[in-house]
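*Asks:* fold the stuff below for me.
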Amino acid sequence: MADQTHVLFVEDDDVIREATQLALERDGFAVTAMPDGLSGLEAFRANRPDIALLDVMVPGLDGVSLCRRIRDESTVPVIMLSARADSIDVVLGLEAGADDYVTKPFDGAVLVARIRAVLRRFGHAGGAAQTGESPAEVDGGPLSFGDLEIDTEGMEVRRAGQPVALTPTEMRLLLEFSSAPGTVLSRDKLLERVWDYGWGGDTRVVDVHVQRLRQKIGQDRIETVRGFGYKLKA
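*Replies:* Sure thing, here's the model as predicted:
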């Protein structure tokens, strides 16, 4: 188990929880499955998993609140599971700090592929050889954009001399922008480069993460180019 990727799975539907746990274990993951948010939080603190799969609608402590609690303590990757492709569910989960989401009912192979894509971004193999594109290459040493400093070697960000806490996904997103300041990056390109999507994805994932990044580094630092995408102001 020490060599396995440990997944925390929080789902209140017994059938879905048991079937998904078995499917993930067949793919080589170690799974801790919990039926509600409070037990999920306890399991997270006790086991420190490599990734968390959280259903939005679970009793005790809903998935969005659980995601916030986890994000207060850790940068571990989080994927939200929603029974509906509802904009409110999706956005609330992403704003709470989730890195991605999957809509139920989901195909087991799709879920595993999404898990592995997230794990690759966080430096875990996820039971499979790492593939896909690497994050943008940037020159070594710090980069400066006004009062924003990015240490690309130490993976640290400062704004007006104060450290800025970014999740790994937010850091990858910022590195993509800083590798080509002033260049417009489309949402599809950002999905491919940051989220490791080799297929079409939901661009709301990009929009919410850009908004979260703006809140941390300055609202006017990343410019929206309508109809095209985003760019970091040079």
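
*Asks:* point out where this protein drops to low pLDDT.
*Replies:* By pLDDT under 70, the weakly predicted segments of the chain are 1-2, 85-86, 124-141, 198-201.

*Asks:* now do the contacts for the residue of it positioned farthest from its centre.
*Replies:* Among the C-alpha atoms of the chain, the one most distant from their mean position (CA atoms, centre = their mean) is that of G146, at 27.3 Å. If you count contacts by CB atoms under 8 Å, 6 or more residues apart in numbering, G146 has them with G218, R221. Quick note: C-beta positions are derived from backbone N, CA and C, even for glycine.

*Asks:* look up how far R204 lies from it.
*Replies:* As defined by CB to CB, to the nearest Å, G146 lies at a distance of 28 Å from R204.

*Asks:* ok, the residue sitting nearest the centre point of the chain to D89 distance?
*Replies:* For the chain, D99 is the residue whose C-alpha lies nearest the centre (CA atoms, centre = their mean; 1.8 Å). D99 sits at a distance of 15 Å from D89 (criterion: CB to CB).

*Asks:* what's the answer for A180, then?
*Replies:* A180 is 33 Å from D89, where distance means CB to CB.

*Asks:* who's more crowded, those two?
*Replies:* The neighbour count for A180 versus D89, taken as other CB atoms under 10 Å, is higher for D89 (20 against 14).

*Asks:* which strand or helix spans that one?
*Replies:* Secondary structure from DSSP states H and E places D89 in helix 87-95.

*Asks:* which residue is the nearest non-sequential neighbour of D12?
*Replies:* On the basis of CB to CB, 6 or more residues apart in numbering, the spatially nearest residue to D12 that is not a chain neighbour turns out to be V58, at 4.7 Å.

*Asks:* the one you found contacts L38, doesn't it?
*Replies:* No: with contact defined as CB atoms under 8 Å, V58 and L38 do not form a contacting pair (9.3 Å).

*Asks:* with neighbour numbers in mind, choose between the two.
*Replies:* V58 (24 against 16).

*Asks:* helix, strand, or coil at that one?
*Replies:* Three-state secondary structure (criterion: DSSP: H, G, I helix; E, B strand; the rest coil) places V58 in coil.

*Asks:* next up, the contacts around it.
*Replies:* V58 sits next to V10, E11, D12, P35, D36, G37, G40, L66 when contact means CB under 8 Å, 6+ apart.

*Asks:* where helices are concerned, which of those count?
*Replies:* Secondary structure assignment by DSSP state H places G37, G40, L66 of the contacts of V58 in helices.

*Asks:* next up, phi/psi of Q219, please.
*Replies:* In terms of degrees, to the nearest 10, the main-chain angles of Q219 are phi -60, psi -30.

*Asks:* how close does it sit to D188?
*Replies:* 24 Å.

*Asks:* the more surrounded of these two?
*Replies:* The residue with the greater number of neighbours, taking Q219 and D188 and applying other CB under 10 Å, is D188; the counts read 14 against 9.

*Asks:* show me the domain layout of the protein.
*Replies:* 6-121, 142-232 (automatic domain parsing).

*Asks:* winner for burial among the ones you listed?
*Replies:* Using mean count of other CB atoms under 10 Å, the stretch among the domains of the chain with the greatest mean number of neighbours is domain 6-121 (a mean of 19).

*Asks:* need the strands for this structure, in chain order.
*Replies:* According to DSSP state E, the chain carries its strands in the segments 6-10, 30-34, 51-55, 78-82, 100-103, 142-145, 148-151, 156-159, 162-164, 222-225, 229-232.
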